[in-house]
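Engineer: output the structure for:
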Amino acid sequence: MNTTTFYQNSKVRKAALGIAGVAFVGGVTAGPAITASLDDTARTSAPVTSAAVEKPSTRTLIPHGTQGAQQDVAWTDEQQANAKAIIEATKANGLDERAAVIAVATAMQESTLTNFGHLGDRNDHDSQGLFQQRPSSGWGTVEQITDPEYATTAFLKALKQVDGWEELPLTEAAQTVQVSAFPDHYAKWEQDAAELVQEHWNS
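Structural biologist: The predicted structure is shown next:
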């Protein structure tokens, strides 16, 4: 699937991604279209109309195009709920759809959209949560960084400190915040992240 045919077909996902490489690597349910509320009398004289909510465009979500091969994962309900929580937190912080794509893609790489607690020997030091943030590095307490809203807000606060983040390729913007040992790995999630943001931004 390339960006030209990005959202044309219903996505038939391949296989769910495993948890390998975790350390490096409450949502809002979709509702019906808004319908005018009419009493019985008004209903007889005027049709019920619905307001179609336009989805964000591919150009808005992926302004620079994708870089390299893209992942295509069958996200579970729990993972999608975490993606929606990131999207809602992005909106609550007054940032746009592009910021949501960067945040969701970052969480895809860091945690496979799974809100991990401490994983013992599998932990990268004390990294936890959707963004694998570290209490010892000043990201917050364990309780805070395992809260999707707090963790997303902390990530976005750091993202806003990156000069010109809006114009940077996704993987560069994410890496500047995360300082990963694998700086190019965020790029492979851009299309998947954009698809989730497009689906849930106005839901």
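Engineer: among the helices and strands of this protein, which has the poorest mean pLDDT?
Structural biologist: Sorting the helices and strands of the chain by mean pLDDT, DSSP states H and E puts strand 34-35 at the bottom, at a mean of 28.
Engineer: show me what contacts the residue most central in space within the chain?
Structural biologist: Centroid-nearest residue in the chain, with C-alpha atoms, centre = their mean: residue 104, separated by 2.3 Å. Residues near residue 104 by C-beta atoms under 8 Å, 6 or more residues apart in numbering: 83, 86, 87, 113, 189, 193, 196, 197. In this view, the C-beta of every residue, glycine as well, is placed from N, C-alpha and C.
Engineer: just those residues now: which is nearest residue 159?
Structural biologist: Nearest to residue 159 among the contacts of residue 104: residue 86, at 12.2 Å, using C-beta to C-beta.
Engineer: right, and that closest one touches residue 152 too?
Structural biologist: Yes. Residue 86 is in contact with residue 152 according to C-beta atoms under 8 Å; the separation is 4.8 Å.
Engineer: who's more crowded, the two?
Structural biologist: Of the pair residue 86 and residue 152, residue 86 is the one with more neighbours under other C-beta atoms under 10 Å, namely 32 against 29.
Engineer: which helix or which strand is home to the more buried one?
Structural biologist: Using DSSP states H and E, residue 86 falls within helix 77-92.
Engineer: how about that helix: buried residues?
Structural biologist: Neighbour-count burial for helix 77-92, counted by 16 or more other C-beta atoms under 10 Å, picks out 79, 81, 82, 83, 84, 85, 86, 87, 88, 89, 90.
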